[in-house]
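> coords please:
(2 chains)
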Amino acid sequence: MHIQTKKTGGSRVAALFLPLALGLAVPALAQEDDEPADEWFVLQGGDVYTGTGAVLRGATVLSKNGKIDEIGYDLYIPEDAEILDVAGYRVYPGLVAIESRGLFGGSSDLANSVDPFSKNMILALSAGVTTARSSSEVAKLRAGHIDGLVLTTGVLPGLAYSKSNPAGKRALRQKFEVATRYLDDYAQWEIDKKQDKDLKEPSDKGVDSSILRYMRGEARPVFSASERTDLLEIARLAQKYGFRPIINGCQEGWIVADELGRAGASAIITARDRSTKAEQLVRTGGSSIENAAILHRAGVSVTIIPSSAGISLGGIVGRDLMHLTIEAGFAVRGGLSEKAALDGITIEPARLLGVESRVGSIEIGKDADMIVTDGDILHYQTFVQWAVVSGEVVYDKEAELFFAHIRPRPEGSLSPEERVDSGEEPDEVIEEVPDDSGSSDEGDGDSHP
Amino acid sequence: MLIPLLLAWTPTPVPQATPDLPDLYALKASVLETGTGEVIEHAVLLVEGGKIITIGEDLVVERGIPVYELEPNQVVMPGLVNAYTRVGVTGSGPNGVQPWMHASDELYPAAGEYAKAREAGVTTLGHYPSGNGIPGRSVVVKPKGASASAMTLKDDAYLKVIMSSSKSAKSSLSGGFKNADAWFEKEAKNKEKWDKAKEKFDKEDDEEKKKKLDPGPYKPLKDDPKATSFIQLRDGSLKALISVRTAGDYLHLIDAIGEEEFSWDLRVVMTRDMNIYHVLDKVAASGRRVVLEPEISLHPGTMRQRNLPAEFARAGTPLVLVPRNDSISGYEAWRRHVGEIVASGLERSVAMRAITLEPAALLGVDDRVGSLEAGKDANILILSGDPLEPGTQVDAVILEGELVSGEVNL
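Predicted structure coming up:
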């Protein structure tokens, strides 16, 4: 317990022993201070696809209190750490869904309305999704918890700029003009006030505050646009007023990819989107399986989402959120690199949602949100075996009933000590308590009037 | 004593029914379930003035005391206690936070359901107020009595709370406690004001002026109905029965309660595929009672059956079982349904306790009803066999010593 005094004199000895004693001392100290002990979680021996380009084969990821603490080899592992041996499996960052419906039970105010045991949440985890946007909130799929799930709110503000609404286009341009004038005045004022301290700050009255935020680079607006002309117009608007647009849909983006790239646009696309070009047009048009690849080559960051953002087991199965990785796989089929495809369902959507400092890749300091798969994440045959959110296993394929029976894991590769109750054999579900109270015997004797 | 005598004289054929029982009598039964989970064979039960005087195995009954010896197949158990019912009351309640409402105001002693409840063997009913949110307080009644007050065993048995995963439901609970805080704050200010006035009054020497300054005796603030219930919850004079549907609701409930400490039990609304088992251990660790229906549910998304009452009981949670349907037919099927979940794994003694003593404890009337023990009300069921077997009939019901249904032969 000398360690407590390490800040004062004789600190060298205490500090020397600190790394050794850490495993034991931390819980002991914590008990004294009446604080919860540090929670350590280890993913051991997997091939870690960090999402930053690096792949560490047979590496270990150590997380402390839900954050990634260390990644590498021969790490010091605290004694009380929960260890999940994932040798032979791949570890990826948890996937990020730029859009989702019905995963959290509630629809808005998730902190107060989430159903952390909802079937859809488990199914989304089984598809590898650990973070999703629901309406204007971004939340983690922390199955079993109602705290610590909402990452941010008020994301993806929308703007409309379409040839179908010319008046709206004009109004938006005017807003940008007003904001430009204000920003110019403001910049001039900042220079001038050095000479004249009493100079009045220009008024921002009548200036659209969200437009100002876009122009200052504090937020990025989302446009829903797919048609070539609209895309070009948006690119021009963005370049003229100096903001970076996000374009949802972007079906004909491949035709104007260079323009979009120069405008610093990001695209949210569905690789399997299909549309034919208008027949009277001579120019190229319509959708292309190469859309994602061409856009990416032109410098447009690509985020991928299936055509339905819900979990639809009865409807258009195969095109819902459970097939986020399949959608990314189709982008690869169209020429996108596998790295870019993985980015499109992890770090890119995290950036668009402003949560890239917390999720989207496996890096020290980020949330320990990871998935463990039995193969390439983009392969149709691959299953998510475990999903980890905030350093805790929230999905285990063998423990949930949905896919446990398909290609079950070989015995022995299971190391999480805690098994969920529903993973028991079917005949154990109805408890059988041996009736030795003796009362039933009497009951039998008495039940024949 | 007169009536059995008269009967003996009348030339009507045997067996002689007993339309009324004497003040003092003994019951002899080959099997008796006490309600605590215990079973007594060759039991003798002595009743006087509507109370159980003594109970035991093979007791000797003093000469002169009438002894009703039951048939060998007959089983005696305490009257059933339904802690969560509206059979007999018909009013419609409000939605929202109205914790000052009383189910006791809805009582209608002449309701025909009470006679049928007695026949089904239910001798204690906990009426909850209707409505969602926090709609009021429950009342405990016996299904007999000419007036509401004669029926009532206990008013304000629990505050009904419906919790769901929503901000409004959560804030109706946490907001109630905030109202209580606000009331105390106001009261403190009120007192402070009076104290100052009193001080000024005491300091004043001039009699003339003193008269004007007299603040009079201290008058505490009027009760704020929005706060009172929550003050009572805090000081322990009122408890709550909180209903949830899902495991998520339970977590939100715990979140809404926060640091607040008060006595409450949990009711889980049965649905076909409920997921409350996710918080089984948490509930068990809290030591609170759980009110459930005797029903096998399905593991969500599958056809796999789960016996949640048995799972709760195994985890160590005190169990209260209420009829699947809150109706007379539900009352009649109640024991049989409990038998079904006993057949699929619930411990029998726990099941018997869950329909007698445990609900009585939930309602706070376990000093009077719920088990056959000396000093308690003589609420006794005489059944044609094992209480949990499907074919078993209620042969007779004794409520506070009086025969209210069926017959007992001398």
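
> worst-scoring helix or strand of chain B, pLDDT-wise?
In chain B, no helix or strand scores lower on mean pLDDT, DSSP states H and E than helix B:2-9, which sits at a mean of 44.

> buried residues in stretch A:87-99?
A:Tyr89, A:Arg90, A:Val91, A:Tyr92, A:Pro93, A:Gly94, A:Leu95, A:Val96, A:Ala97, A:Ile98, A:Glu99 (16 or more other C-beta atoms under 10 Å in any protein chain shown). Just so you know, the C-beta spots here come from the backbone N, C-alpha and C atoms, and that holds for glycine as well.

> return the member of these nearest to A:Gly217.
Of all those, A:Gly217 sits closest to A:Ile98, with 20.1 Å by C-beta to C-beta.

> so that closest one is in which element?
strand A:95-100 (DSSP states H and E).

> residues making contact with that strand?
Here strand A:95-100 makes contact (C-beta atoms under 8 Å, 6 or more residues apart in numbering or on different chains) with A:124, A:127-134, A:156, A:268, A:303, A:305, A:309-310, A:321, A:324-325, A:345-347, A:349-350, A:352-353, A:355, A:359-360, A:371.

> could you point out the helix or strand that follows it?
helix A:110-113.

> average pLDDT across that following helix?
Mean pLDDT, helix A:110-113: 92.

> now the strands for the stretch 101-250 of chain B?
Remark: strands assigned in the stretch 101-250 of chain B by DSSP state E, counting those that start in this stretch are B:122-127, B:133-134, B:136-141, B:152-162, B:240-244.

> got CSV for those strands, with mean neighbour count and distance to chain A too?
Below are these laid out as CSV (neighbours: other C-beta atoms under 10 Å in any protein chain shown; distance: least, C-beta to the nearest C-beta, whole Å):
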stretch, mean neighbour count, distance to chain A
strand B:122-127, 29, 21
strand B:133-134, 25, 15
strand B:136-141, 27, 24
strand B:152-162, 22, 15
strand B:240-244, 23, 12
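
> as JSON lines, these with mean pLDDT would be great.
Formatted as JSON lines, those follow (pLDDT from 0 to 100):
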{"stretch": "strand B:122-127", "mean pLDDT": "96"}
{"stretch": "strand B:133-134", "mean pLDDT": "92"}
{"stretch": "strand B:136-141", "mean pLDDT": "95"}
{"stretch": "strand B:152-162", "mean pLDDT": "95"}
{"stretch": "strand B:240-244", "mean pLDDT": "97"}
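
> save those strands as JSON lines, and put in distance to B:Leu21 too.
As requested, these are exported to JSON lines (distance: least, C-beta to C-beta, whole Å):
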{"stretch": "strand B:122-127", "distance to B:Leu21": "15"}
{"stretch": "strand B:133-134", "distance to B:Leu21": "43"}
{"stretch": "strand B:136-141", "distance to B:Leu21": "22"}
{"stretch": "strand B:152-162", "distance to B:Leu21": "21"}
{"stretch": "strand B:240-244", "distance to B:Leu21": "35"}
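
> partners of the strand holding A:Ile98 in the sheet?
Here strand A:95-100 has these sheet partners by DSSP bridges: strand A:129-134 (parallel).

> and B:Ala29, what does it touch?
Listed by C-beta under 8 Å, 6+ apart, the contact set of B:Ala29 reads B:His42, B:Ala43, B:Leu45, B:Leu70, B:Gln74, B:Val75, B:Val76, B:Ile382.

> same thing but at 10 Å, please
Applying C-beta atoms under 10 Å, 6 or more residues apart in numbering or on different chains to B:Ala29 gives the contacts B:40-45, B:68-72, B:74-77, B:380, B:382-383.

> could I have the buried ones of those as PyMOL selection syntax?
Listed next is the PyMOL selection for buried residues among the contacts of B:Ala29, using 16+ other C-beta under 10 Å:
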select buried, chain B and resi 40+43+44+45+68+70+74+75+76+77+380+382+383
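
> check the contacts of B:Ala29 against chain A, which are close?
On the criterion C-beta under 10 Å from any C-beta of the partner chain, B:Glu41, B:Glu71, B:Pro72, B:Gln74, B:Val75, B:Leu383 are the entries of the contacts of B:Ala29 that sit beside chain A.

> in stretch A:320-338, what's buried?
Applying 16+ other C-beta under 10 Å to stretch A:320-338 flags A:320-336 as buried.

> out of those, which are inside helices?
Among the buried residues of stretch A:320-338, the members found in helices (DSSP state H) are A:Leu324, A:Thr325, A:Ile326, A:Glu327, A:Ala328, A:Gly329, A:Phe330, A:Ala331, A:Val332, A:Arg333.
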